[in-house]
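Enquirer: I would like to see how this sequence folds:
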Amino acid sequence: MSRVGKNPIIIPAGVNVNIADGMVEVTGKLGKLAMQLSDAVSVVMTDGQILVKPANDSKMARSLWGTTQRRVKNLVNDVAVGVTVNLELVGVGYRASVQGNNLSLQLGFSHDVIYPLPEGITVKCEKPTSIAITGADRQLVGQIAAEVRSYRKPEPYKGKGVIRQGEFVIRKEGKKK
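Expert: Numbering: from 1, shown residues only. Next up is the predicted model:
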């Protein structure tokens, strides 16, 4: 029995939820998100709450119960509050800046890396070595953070690179004489 799936999802003020034809559409102040539902679970909205229940007693329905509840809860929270991923640039001369609708990165290459930002995503660089990526779509924000990180992954000897906030880079010992 799913412990997560049993919890109801409370809909905050300013968020509209529409459940129809196997789709959940959530609209809030930050945008509109939608998710396709599986036939193995049923999603019902009552009294400002969303309840997720397995449609039958199969193993697939029980395994998708908690997953579907969390995904719907993330949709509701993301359009109301948003998602932020913080990145830090570690290294001498590593800098970031926002220029219009582009993120400009200086990562030790002979040229600047220009990353075009998609619509619905905002990036702030309060310090030259920190990047805050914010948006309503959790998957898109994570994908952008992964792509920016892939330009200069953290290396284990000096710890230089683009690092997610709170990430621990395992350091290796250098060559001994």
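Enquirer: residues in contact with the residue lying closest to Met60 once chain neighbours are set aside?
Expert: The shortest distance from Met60 to any non-neighbouring residue, by CB to CB, 6 or more residues apart in numbering, is to Ala40 (5.0 Å). Quick note: C-beta positions are derived from backbone N, CA and C, even for glycine. Contacts for Ala40 (CB atoms under 8 Å, 6 or more residues apart in numbering) come out as 54-56, 58, 60-61, 64.
Enquirer: how about 10 Å then?
Expert: 54-56, 58-65, 68 (CB atoms under 10 Å, 6 or more residues apart in numbering).
Enquirer: beyond the longest strand seen in the chain, next helix or strand please.
Expert: Ranked by residue count and defined by DSSP state E, the top strand of the chain is strand 83-90. Counting by DSSP states H and E, the next helix or strand C-terminal to strand 83-90 is strand 95-99.
Enquirer: just checking: what are the partner strands of that following strand?
Expert: strand 102-106 (antiparallel) (DSSP bridges).
Enquirer: for the strand it pairs with, C-alpha coordinates in PDB please.
Expert: Taking C-alpha atoms only, strand 102-106 is exported to PDB below (Å, rounded to 0.1, in the frame of the first residue of the first chain):
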ATOM      1  CA  ASN A 102      21.000  34.500 -23.700                       C
ATOM      2  CA  LEU A 103      23.200  33.100 -20.900                       C
ATOM      3  CA  SER A 104      26.900  34.000 -21.600                       C
ATOM      4  CA  LEU A 105      29.400  31.700 -19.900                       C
ATOM      5  CA  GLN A 106      33.200  32.200 -19.600                       C
END
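Enquirer: now the longest helix along the chain, how far from the centre of its chain.
Expert: When the chain is parsed with DSSP state H, its longest helix is helix 59-80. Distance of helix 59-80 from its chain centroid, counting by CA atoms, centre = their mean, to the nearest Å, is 15 Å.
Enquirer: which stretches of this structure form strands?
Expert: Under DSSP E, the chain gives strands at 9-10, 16-20, 23-28, 31-36, 41-46, 49-54, 83-90, 95-99, 102-106, 113-116, 121-124, 130-135, 161-164.
Enquirer: contacts only, for the residue lying closest to Ser38 once chain neighbours are set aside.
Expert: Nearest residue to Ser38, sequence neighbours excluded (CB to CB, 6+ apart): Leu64, at 5.4 Å. For Leu64, the contact set (CB under 10 Å, 6+ apart) comprises 2, 5, 37-41, 52, 54-55, 58, 71.
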